[in-house]
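In: any chance you can model this:
(one chain, ligands or ions: 1)
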Amino acid sequence: MTNAVFDLLVVGGGINGAGIAADAAGRGLSVCLVEMGDLASGTSQWSSKLVHGGLRYLEHYEFRLVREALAEREIMLSRAPHIVRPLRFIMPLAPSARSSLKIRAGLFLYDHLARRRRIPRSRPVDLSSDPAGRALSRQFHHGFSYWDCWVDDARLVVLNARLAASLGALIRTRTRLVSFDRGADAWSATVENSGRLDTYRARAIINAAGPWAGEVAALERSNIKSESTNVSLVKGSHIVVPRIAGGDDGYLLQNTDGRVVFVLPFEDAFTLIGTTDVPVDGSPAEAVCTFEEEDYLLAAANRYLATPLTRREIIWRFAGVRPLQTGPVGVEPSSLSRDYQLVQSGSRHGEFMLSVIGGKITTYRALAEAAVRRLEPLFPGLAPNWTAARPLPGGDIPNEDSSLYLEGLARLYAWVPDPVMHALVRRHGTLAREVIGDARRLEDMGRFFAGSLSEREVAYFAENEWAKTPEDVLWRRTKAGLHFASQDARAAASAAIEAQL
Ligand SMILES: Cc1cc2nc3c(=O)[nH]c(=O)nc-3n(C[C@H](O)[C@H](O)[C@H](O)COP(=O)(O)OP(=O)(O)OC[C@H]3O[C@@H](n4cnc5c(N)ncnc54)[C@H](O)[C@@H]3O)c2cc1C
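Out: Numbers count the residues shown, from 1 in each chain. Presented below is the predicted three-dimensional model:
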């Protein structure tokens with residue numbers, strides 16, 4: 001039993017939980033976050049990795065969401081220029097899809113719904129002369145270009161957890177909430193870590209368990225009255241193939257069923273294609289990308305690509321599950337709102353709980369702000385909003401110019417090979433220097449795995465970023481797992497990393 005009573009217990013170490021923990025800790029609340037697996041081991045590592053307004057949400061009149069997301073895009077870019085970067089999108093015009101007029105109107109709104117500082121505006125594009133046309137079949141002559149941003153989703157979660165910890169929050173990974181009950185003036189929460197049970201007490205609980213939010217709410221033993229909500233779980237899958245020729249832009253492709261599919265440059269050497277929208281009712285942890293979804297994504301991409309892809313080219317696939325607010329019967333999952341909802345139970349000391357339903361990587365900061373503000377009745381005089389102007393760890397890059405920063409660091413550490421420095425700055429920003437530490441020559445970085453990942457960086461992840469398994473390092477702190485020449489090489493690296501952790 002931990003004697004201390006936390007102001008806030010956050011359940012779930014995805015982007016929303018980590019963002020809420022940071023926001024609350026920065027306002028002076030004492031915060032504990034419990035995550036049953038690794039940070040970002042849920043939906044937050046399985047997104048399309050876009051910081052976007054969501055052009056297609058305009059069709060569903062989700063102007064509030066789009067405006068907020070577009071504004072967040074600029075804020076994210078300035079808080080974390082190392083892991084967020086602008087990406088140009090090409091939307092080819094296709095016969096029997098949305099009309100040019102409709103797209104033009106949508107893009108006009110997209111350009112003007114929120115202030116843009118670093119993001120260029122949309123334009124018509126001639127695909128027979130623009131380099132982006134090279135990836136596409138010759139029948140596509142015209143289209144539009146517009147800009148959104150790309151983000152390393154799992155690192156965004158970790159950096160928020162680091163920010164929270166730097167402000168005093170306790171971050172407990174591999175710690176599952178098992179049940180919680182109302183005490184005299186605080187919640188009493190039982191958690192389990194490696195078979196050991198412990199009790200944490202907290203004045204308020206925020207349930208940020210993503211697709212598990214319903215399960216977590218059901219762990220409450222005292223039947224506090226809750227606002228009602230209807231939630232559906234919807235799975236989205238992605239496939240990864242070697243980088244398609246000419247595919248350095250993102251593509252937004254209109255499919256024949258009215259949905260859109262993204263084709264995105266990924267990790268220098270790859271292309272990411274997604275996503276599907278499939279209702280699910282099993283455990284979110286068991287969601288996989290099925291053959292049908294692979295075929296769907298390949299067919300949608302091949303309708304446009306100059307060189308068609310086959311199943312043989314798929315080198316990785318993944319699926320994530322999101323909770324969405326249920327609409328009227330018969331509404332397609334792709335039409336359900338991507339906006340978030342904060343569902344409150346109880347209102348007094350010792351029984352205040354808020355459940356986060358839905359949301360986007362893009363809007364996590366605004367969501368966290370809104371969620372923590374809801375605690376105001378419990379903590380009168382709560383400090384004002386603060387996160388918009390505060391860089392995430394490593395994000396304090398002068399003029400938000402990662403390329404210039406990289407050049408400077410490469411000069412300073414001339415002995416670090418370019419691809420290694422590039423990877424370090426992309427993952428750590430200004431903290432790259434902390435990772436290099438007292439190393440003076442390449443040998444001081446230890447052995448290297450999959451090109452740019454060194455033993456020294458693995459140790460850094462273990463010491464500073466809660467990495468406990470090879471998977472945490474190879475698939476979430478980095479995507480090094482994708483870059484091995486063979487399964488055997490990956491297994492050997494995993495064993496070496498395991499021995500080090
Ligand atoms: C296919 C797909 C593509 C997407 N693409 C984008 C995109 O491009 N851009 C964008 O902005 N958004 C995107 N999203 C949305 C975005 O990924 C999600 O909104 C976001 O990741 C949800 O984060 P979360 O923190 O709420 O949930 P999660 O990341 O799932 O975190 C919840 C955490 O709670 C933990 N947990 C559960 N039960 C317990 C318990 N009992 N005790 C302790 N911990 C527990 C889980 O392990 C998990 O880590 C996408 C979503 C999907 C499904």
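In: C-alpha only now, for contacts and for neighbours.
Out: Will do.
In: residue 82 belongs to a helix?
Out: No: membership of residue 82 in a helix is not supported by DSSP: H, G, I helix; E, B strand; the rest coil, which gives coil.
In: what about whichever helix or strand residue 143 is part of, near the ligand?
Out: Residue 143 is part of strand 142-151 when elements are defined by DSSP states H and E. No: Strand 142-151 lies out of reach of the ligand by Cα under 6 Å from any ligand atom, never closer than 8.1 Å.
In: and the next helix or strand past that strand?
Out: Next along from strand 142-151, by DSSP H and E: helix 153-166.
In: which other helices and strands contact that following helix?
Out: Here helix 153-166 touches helix 15-26, going by 3 or more Cα pairs under 8 Å, 6 or more residues apart in numbering; DSSP states H and E.
In: now check the helix it packs on, is it near the ligand?
Out: Yes: residues of helix 15-26 contacting the ligand under Cα under 6 Å from any ligand atom: 15, 16, 17.
In: so who does residue 100 touch?
Out: By Cα atoms under 8 Å, 6 or more residues apart in numbering, the contact list for residue 100 reads residue 93.
In: check it and give its pLDDT.
Out: Looking at residue 100, its pLDDT stands at 89.
In: any chance of the backbone angles for it?
Out: phi -60, psi -40 (degrees, to the nearest 10).
In: measure it to the ligand for me?
Out: 24 Å (Cα to the nearest ligand atom, to the nearest Å).
In: which residues does residue 230 contact?
Out: 325, 326.
In: domain parsing of the chain, as residue ranges.
Out: 5-43+154-227+338-389, 84-150+231-327, 398-500 (automatic domain parsing).
In: chain center to stretch 263-274, what's the gap?
Out: 16 Å (Cα atoms, centre = their mean, to the nearest Å).
In: got a list of contacts for it?
Out: Contacts for stretch 263-274 (Cα under 8 Å, 6+ apart): 48, 236-244, 247-253, 261-262, 297, 301, 479.
In: any buried residues in it, and which?
Out: Neighbour-count burial for stretch 263-274, counted by 16 or more other Cα atoms under 10 Å, picks out 263, 264, 265, 266, 270, 271, 272, 273, 274.
In: what pLDDT does the fifth one get?
Out: Looking at residue 270, its pLDDT is 96.
In: for it, which non-adjacent residue is closest in space?
Out: Distance criterion Cα to Cα, 6 or more residues apart in numbering; nearest residue to residue 270, sequence neighbours excluded, is residue 243 at 3.9 Å.
In: any idea how far that neighbour lies from the ligand?
Out: 19 Å.
In: for that residue, what are phi and psi?
Out: According to degrees, to the nearest 10, residue 243 has phi -50, psi 120.
In: ok, residue 454 next?
Out: phi -110, psi 160.
In: one more: residue 448?
Out: Dihedral angles (degrees, to the nearest 10) for residue 448: phi -110, psi 140.
In: same question for residue 92.
Out: phi -70, psi 140.
In: list the contacts for it?
Out: 127, 140, 141, 142, 143, 144, 252, 253.
In: so residue 461 sits against residue 478, correct?
Out: No: contact between residue 461 and residue 478 fails when scored by Cα atoms under 8 Å: they sit 9.7 Å apart.
In: pull the number of nearby residues for the residue nearest to residue 270.
Out: Other residues near residue 243 come to 17 when the count uses other Cα atoms under 10 Å.
In: let's see the pLDDT reported for it.
Out: Residue 243 is given a pLDDT of 96.
In: do the same with residue 438
Out: 97.
In: that one belongs to a helix?
Out: No: counting by three-state DSSP, residue 438 is not part of a helix but coil.
In: how about it, phi and psi?
Out: Torsion angles, degrees, to the nearest 10, at residue 438: phi -90, psi 10.
In: please apply the same query to residue 311.
Out: According to degrees, to the nearest 10, residue 311 has phi -60, psi -30.
In: wait, what's in contact with residue 354?
Out: Residues near residue 354 by Cα under 8 Å, 6+ apart: 205, 206, 207, 342, 343, 344, 345, 371.
In: identify the bridge partners of residue 188.
Out: residue 181, residue 201 (DSSP bridges).
In: quick check: the gap between the closest residue to residue 418 other than its chain neighbours and residue 274.
Out: Nearest non-adjacent residue to residue 418, counting by Cα to Cα, 6+ apart: residue 410, 7.1 Å away. Here residue 410 is placed at a distance of 35 Å from residue 274 (Cα to Cα, to the nearest Å).
In: can you list the residues of the stretch 251-400 of the chain near the ligand?
Out: Residues of the stretch 251-400 of the chain lying near the ligand (Cα under 6 Å from any ligand atom): 275, 320, 321, 322, 358, 359, 360, 361, 362.
In: go again using 5 Å as the cut-off
Out: 320, 321, 322, 359, 360, 361, 362 (Cα under 5 Å from any ligand atom).
In: quick one: what helix or strand has the last one in it?
Out: This means residue 362. Applying DSSP H and E, one finds residue 362 in no helix or strand.
In: what pLDDT does it get?
Out: 96.
In: what is the burial count for the closest residue to it other than its chain neighbours?
Out: For residue 362, ignoring the flanking residues on the chain, the nearest one in space by Cα to Cα, 6+ apart is residue 51 at 4.8 Å. Here the number of neighbours of residue 51 (other Cα under 10 Å) works out to 27.
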